[in-house]
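**Q** build me a model from this:
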Amino acid sequence: MKQLIIIALVVCSFSASAQTKYEKGMTKAFDLWKSEKQWEAANLFERIAQAEPDEWLPPFYVAQINILYSFNEKDEEKITAQLKKAQDFLNDAKAISKENAEILVAQAQLYTAWVVFDGAKYGMNYSPKIAQTYQEAYNIEPENPRVAFGKVEWDLGTARWFGQDTSKFCEDLAAAVALFETYEPKGQFYPQGGGDYAKQSLEQNCAEKE
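**A** Sure thing, here's the model as predicted:
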């Protein structure tokens, strides 16, 4: 589960001919992110969020960057600050877009970042919340590949942790991977990534069981 940082990585190839100020700003932010200037991107997403209070995607991406770059963070002060900021912006996104499966996946990843940082301290509290949050997302949008994959990989990882048979998850894992090939984002700048990591997970967890 330490590799979950890769799940939500966004592959963006938006048109350079964006017309509105919002579209131009979002495109620039993604360009910064792709250039490994993630904190500059987060700052720009934050400014866009302030300028566009009815759009859930800018605060969502502020949160997501802070979550993703917390998975390898070892400093407790830094991870606490990043995940607090992420939670604040996720709350903003939730207020704008209710019952949004993508936001719930990010919430589950935020909880997971705490577990990865210190499982002994945070595992008992956050593990049930992670499972519950993925289930809530799945109830909303089961055909979303990030939802389906996140849920099954968490369930698989939990089973492995307890020494249980994981082969029963392979069919669902393969089905989740297939969804990345057919799922159409609901709008411009919506999350699109995770497919490559999902394929790697399927190969690593189920190749020997096929």
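
**Q** tell me which stretches of this protein form helices.
**A** Secondary structure of the chain (DSSP state H): helices located at 21-34, 38-51, 57-68, 76-96, 101-117, 119-140, 145-161, 170-182, 195-206.

**Q** which of those sits closest to Gln188?
**A** Ranking the helices of the chain by their distance to Gln188 (criterion: CB to CB) puts helix 21-34 first, at 7.1 Å. (C-beta placed from N, C-alpha, C; glycine too.)

**Q** what's the neighbour count on the closest residue to Tyr122 other than its chain neighbours?
**A** What sits nearest to Tyr122 in space, not counting adjacent residues and going by CB to CB, 6 or more residues apart in numbering, is Trp114, at 4.2 Å. The burial count assigned to Trp114 is 21, neighbours taken as other CB atoms under 10 Å.

**Q** circling back: deepest in the core, which of the helices of the chain is it.
**A** Greatest average neighbour count among the helices of the chain goes to helix 57-68 (a mean of 27), per mean count of other CB atoms under 10 Å.

**Q** only alpha carbons, please: show that helix as PDB.
**A** Only the C-alpha atoms of helix 57-68 are listed here, as PDB (Å, rounded to 0.1, in the frame of the first residue of the first chain):
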ATOM      1  CA  LEU A  57     -11.400  20.700  -9.000                       C
ATOM      2  CA  PRO A  58      -8.900  23.400  -7.900                       C
ATOM      3  CA  PRO A  59      -9.200  22.700  -4.200                       C
ATOM      4  CA  PHE A  60      -9.300  19.000  -5.000                       C
ATOM      5  CA  TYR A  61      -5.900  19.200  -6.700                       C
ATOM      6  CA  VAL A  62      -4.400  21.400  -3.900                       C
ATOM      7  CA  ALA A  63      -5.400  18.500  -1.600                       C
ATOM      8  CA  GLN A  64      -4.200  15.800  -3.900                       C
ATOM      9  CA  ILE A  65      -0.700  17.200  -4.300                       C
ATOM     10  CA  ASN A  66      -0.300  17.600  -0.600                       C
ATOM     11  CA  ILE A  67      -1.600  14.000  -0.100                       C
ATOM     12  CA  LEU A  68       0.500  12.400  -2.800                       C
END
